[in-house]
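Novice: Sharing a model that was predicted from the sequence below.
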Amino acid sequence: MIGALSVVENVMMALASDQPRLTREMRQRSAEALAAVGLGDRVDADPRRLSGGQQQRVAIARALVRRPPLVLADEPTGNLDTKTSDEIFTLMRKVNAEQGIAFLIVTHDLRIASRCDRIVELVDGRIVYDGPPTGEAG
């Protein structure tokens with residue numbers, strides 16, 4: 001995150017490669033993405049003053065603002081406490097259900113993995129399990 005920019009400007013950066021200048025529409029889309037992750041009231045906030053969970057929500061908004069079919073999430077809850085991790089995972093589930101955006105999550109957190117639709121477990125670069133979370137992973 002770029003500390004010199006507001007929260008909404010940080011999200012807008014994901015759209016900046018599409019146009020030479022930032023526009024009102026880009027700001028509006030970014031504000032909508034922030035609202036979708038529960039930060040609609042923090043658009044003009046200093047990102048350095050946000051909690052770890054709020055900063056993670058900004059990162060998710062930045063990924064969502066381009067309206068992708070798939071988001072690759074590498075350890076999206078890795079540095080968060082248990083409660084905040086659960087909130088972030090619940091948010092991703094909500095976005096998946098409401099917007100149809102799929103999430104491919106890389107995690108070492110078995111609590112998070114067990115709540116996913118499918119688990120692919122890798123050991124030394126090889127797939128040792130591929131199936132539902134109720135199965136016996138490697």
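Specialist: Perfect, I can see it now. Numbering: from 1, shown residues only.
Novice: and Leu122, helix, strand or coil?
Specialist: Applying DSSP: H, G, I helix; E, B strand; the rest coil to Leu122 yields a three-state assignment of strand.
Novice: can you tell me which residues contact it?
Specialist: Residues touching Leu122, when contacts are defined by CB atoms under 8 Å, 6 or more residues apart in numbering, comprise Val128. All C-beta atoms are positioned from the backbone trio N, CA, C, and that covers glycine.
Novice: mind redoing it with 7 Å?
Specialist: Contact partners of Leu122, counting by CB atoms under 7 Å, 6 or more residues apart in numbering, are absent.
Novice: Secondary structure class of Val128, three-state.
Specialist: Three-state assignment for Val128 (three-state DSSP): strand.
Novice: burial measure for it, as a count.
Specialist: Under the neighbour criterion other CB atoms under 10 Å, Val128 is assigned a count of 11.
Novice: Next: Thr107.
Specialist: Counted with other CB under 10 Å, residues neighbouring Thr107 total 18.
Novice: can you pull the pLDDT of it?
Specialist: According to the predicted model, the pLDDT of Thr107 comes to 94.
Novice: And for Gly135?
Specialist: The per-residue pLDDT reported for Gly135 equals 54.
Novice: how about Pro132, what does it touch?
Specialist: Taking CB under 7 Å, 6+ apart as the test, what Pro132 contacts is Arg118.
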